[in-house]
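Peer 1: I would like to see how this sequence folds:
(one chain, ligands or ions: 1)
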Amino acid sequence: MNTPLVTPTPTAPGSLPLIGHAHRLARTPLPFMASLREHGSVVRIRIGTVPAYVVTDPALTRKVLVTDAADFTKGGKIIDALRVFFGDGLATVADGDVHLRNRRLMQPMFNKGHIATRGDAMIDQVQSMVAAWEDGEHRDVFADMNNLTLAAFLVALFGTDLPPHLQEEFTALMPAIMKGTIRQTILPPWANRLPLPANRAHAARVARLRTLIDQAIDHHTSQPATTTATTTQTGCPHSDRPTGLFETLLTAPDPLSRQQLQDEAITLLTGAIETTGTTLAWSLYEISQHPNVERRLRAELASVCQDRPLRYTDVDQLHYARRVLQEAVRKYGPAWMVTRTATRDTKLGGHSIPAGADVVWSPYLHQHDPEVFPHPDRFDPDRWTHADATATRGSFLAFGDGRRKCIGENFAWAELQIILATILQNCSRIQLTTRPPRPQAVVTVKPDRLTMSFSRPTTSGHKDDEDQAHRPPAQPCTR
Ligand code: HEM
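Peer 2: Now for the predicted structure:
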């Protein structure tokens, strides 16, 4: 029998006239995504009347992202919506020479050695913010984690001497920008163009963000820079005014225009905050539900730090913490729907994909495959220690792959480790104070609401906690 040249592509059940599967994507996006695997390796869904092809086999996703990437370029409705306000930053610019050039230019910003020069400054920033939390206060954890990741990222990007008013305005502006961005990606393009108050407000906020970035760049360039962190008599590795990672772009031999610098800064800010913020929020939630995980995290921290505050050089030794964070990234995506556009009529695993069609891949879907990750809804950091953990590599696609792979992955791991360790050092007990959060799939898979209380260690020992792995509050490094 001859093998058919074209495999028929199934359409997911439940499509309704005019809206297609939009109601399923809006109401139950994560179960809907995960269910598509049952129907085939490529499954057609309809968003309104427009078809999109969802890839459920990780080997085919790698074809889309790596080997056949020329046939599947970055694009789709979400990217188009983002580009309207954020311009041609690295994440939204079309595949081609500009992307390649800017990627090459920016890659050194995020290599491990370069990030290490910013590590202790980030720790100080996070430490000072966490130390200001009131003992036992109920806190909005998603907002807190986004604020911490933003503050740490600003220190890394622009250096430690960003004027406080700029830092405050960035912090006030970014949550509203993220919300407006989500709205832009959900609504049809024509609705985004209407002169509605919400659209005008979003445009005004993005314009303000561009001004803030300009001011941060101006401030940065007006200061005498030190090239790298230096160890001084104080023993602190960053007593000089350190340069930020953005220096790489500002001093490029073939410099970017102001508009391009703004586009890249906006892209980095929006790409860096909610992804790491939401991962941290979910990690803290899971830790609060698994006392044994918390105990092991504290024991590891105690043995690595030996009663002193965290230093950046400790981070690579926090192996269990890395597994906890990796499991949070796996379980919660955090990206759940990423798109490409077919550049020509082509085939994927035998399925015909017409030119111009949206092709969807989903880290969440792959990372919830029960054959690769048994009991995928279970939070199990130890799944990353098993000898066969390498066999799961092909399905762990949280940071993407190929030429559009996340440029900030090293930075994300560093920032996640710093923030988690600093919270554990400063807070002896972490407790959920509301009902368990429900995952909400917007740009990332975020908790719908998450309130927790954080207790300070008492001088006599752990408050309300018999855990022997007590850590004293971290003392800030005096600069
Ligand atoms: C847990 C944290 C993070 C996750 C899960 C994540 C995930 C991703 C994914 C899946 C992509 C690929 C999208 C695609 O293929 O279309 C991506 C791209 C990107 N990410 Fe991340 N990201 C994270 C943190 C960060 C951070 C901290 C930064 C900035 C320092 C960043 C900046 C970017 C940029 C600029 C791109 C576009 C790269 C390109 O197209 O060349 N991300 N990220």
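
Peer 1: Any residues of the stretch 251-400 of the chain in contact with the ligand? List them.
Peer 2: 267-268, 271-272, 275-276, 279, 329, 334-335, 338, 363, 398-400 (CB under 6 Å from any ligand atom). C-beta: built from backbone N, CA, C; applies to glycine.

Peer 1: Any of those buried? List them.
Peer 2: Neighbour-count burial (16 or more other CB atoms under 10 Å) applied to those gives 267-268, 271-272, 275-276, 279, 329, 334-335, 338, 363, 398-400.

Peer 1: So which of those residues sit within strands?
Peer 2: V338 (DSSP state E).

Peer 1: Filter the buried ones among the residues of the stretch 251-400 of the chain next to the ligand down to the ones in helices?
Peer 2: 267-268, 271-272, 275-276, 279, 329, 363 (DSSP state H).

Peer 1: quick one, what contacts whatever residue of the stretch 101-250 of the chain ends up closest to the ligand?
Peer 2: The nearest approach of the stretch 101-250 of the chain to the ligand comes at R103, 5.0 Å away (CB to the nearest ligand atom). Neighbouring residues of R103 by CB atoms under 8 Å, 6 or more residues apart in numbering: 90, 403, 407.

Peer 1: So it belongs to a strand, correct?
Peer 2: No: applying DSSP: H, G, I helix; E, B strand; the rest coil, one finds R103 to be helix, outside a strand.

Peer 1: And the strands in the stretch 101-250 of the chain?
Peer 2: Along the stretch 101-250 of the chain, the stretches classed as strands by DSSP state E, counting those that start in this stretch are 138-140.

Peer 1: so how many other residues sit close to S352?
Peer 2: For S352, the count of nearby residues is 17 (other CB atoms under 10 Å).

Peer 1: what pLDDT does it get?
Peer 2: What the model reports for S352 is a pLDDT of 95.

Peer 1: what does the one 10 residues further on give?
Peer 2: According to the per-residue confidence, S362 scores 95 in pLDDT.

Peer 1: again, but for A387
Peer 2: For A387, the model assigns a pLDDT of 66.

Peer 1: same thing with A412?
Peer 2: 97.

Peer 1: same thing with A203?
Peer 2: The model's pLDDT for A203 equals 91.

Peer 1: separation between the nearest residue in space to it that is not next to it in sequence and F246?
Peer 2: Nearest non-adjacent residue to A203, counting by CB to CB, 6 or more residues apart in numbering: F85, 7.1 Å away. Distance of F85 to F246, given as CB to CB, to the nearest Å: 20 Å.

Peer 1: coming back round to it: out of the contacts of R103, who's near the ligand?
Peer 2: Within the contacts of R103, those near the ligand by CB under 6 Å from any ligand atom are 90, 407.

Peer 1: among the contacts of R103, which ones are buried?
Peer 2: 90, 407.

Peer 1: Kindly reformat the contacts of R103 as TSV containing secondary structure and pLDDT.
Peer 2: Converted to TSV, those look like this (DSSP: H, G, I helix; E, B strand; the rest coil; pLDDT from 0 to 100):
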residue	secondary structure	pLDDT
L90	coil	93
R403	helix	95
I407	coil	96
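
Peer 1: So what's the gap between the worst-scoring helix or strand of the chain on mean pLDDT and the chain middle?
Peer 2: Of all helical and strand segments in the chain, the minimum by mean pLDDT, DSSP states H and E falls on helix 189-193, at a mean of 80. Mean-position distance between helix 189-193 and its chain equals 27 Å (CA atoms, centre = their mean, to the nearest Å).

Peer 1: re earlier: please identify which of the residues of the stretch 251-400 of the chain next to the ligand is nearest to H220.
Peer 2: L268 (14.3 Å; CB to CB).

Peer 1: and the closest one, how far is that from P189?
Peer 2: On the measure of CB to CB, L268 and P189 end up 25 Å apart.

Peer 1: give the contact list for the closest residue to the ligand within the stretch 1-150 of the chain.
Peer 2: Residue nearest to the ligand within the stretch 1-150 of the chain: A91 (3.6 Å; CB to the nearest ligand atom). Contact partners of A91, counting by CB under 8 Å, 6+ apart, are 82, 267, 271.

Peer 1: Tell me if I'm right that L209 and P175 touch.
Peer 2: No: assessed by CB atoms under 8 Å, L209 is found out of contact with P175, at 12.0 Å.

Peer 1: Pick out whichever of the two has more residues nearby.
Peer 2: A direct count of neighbours by other CB under 10 Å for L209 and P175 places L209 higher, at 23 against 17.

Peer 1: pLDDT score assigned to I115?
Peer 2: Reported pLDDT for I115: 92.

Peer 1: So Q425 belongs to a helix, correct?
Peer 2: Yes: assessed with three-state DSSP, Q425 lies in a helix.

Peer 1: is it true that it touches D307?
Peer 2: No: between Q425 and D307 there is no contact, the gap being 10.3 Å when judged by CB under 8 Å.

Peer 1: burial count for the residue of the chain found nearest the ligand?
Peer 2: Relative to the ligand, the nearest point of the chain is G408 (2.3 Å; CB to the nearest ligand atom). G408 is flanked by 22 other residues according to other CB under 10 Å.

Peer 1: residues contacting it?
Peer 2: Here G408 is in contact with 110, 268, 271-272 (CB under 8 Å, 6+ apart).

Peer 1: now, which of these sits nearest A198?
Peer 2: When the contacts of G408 are compared against A198 (criterion: CB to CB), the nearest one is G271, at 23.0 Å.
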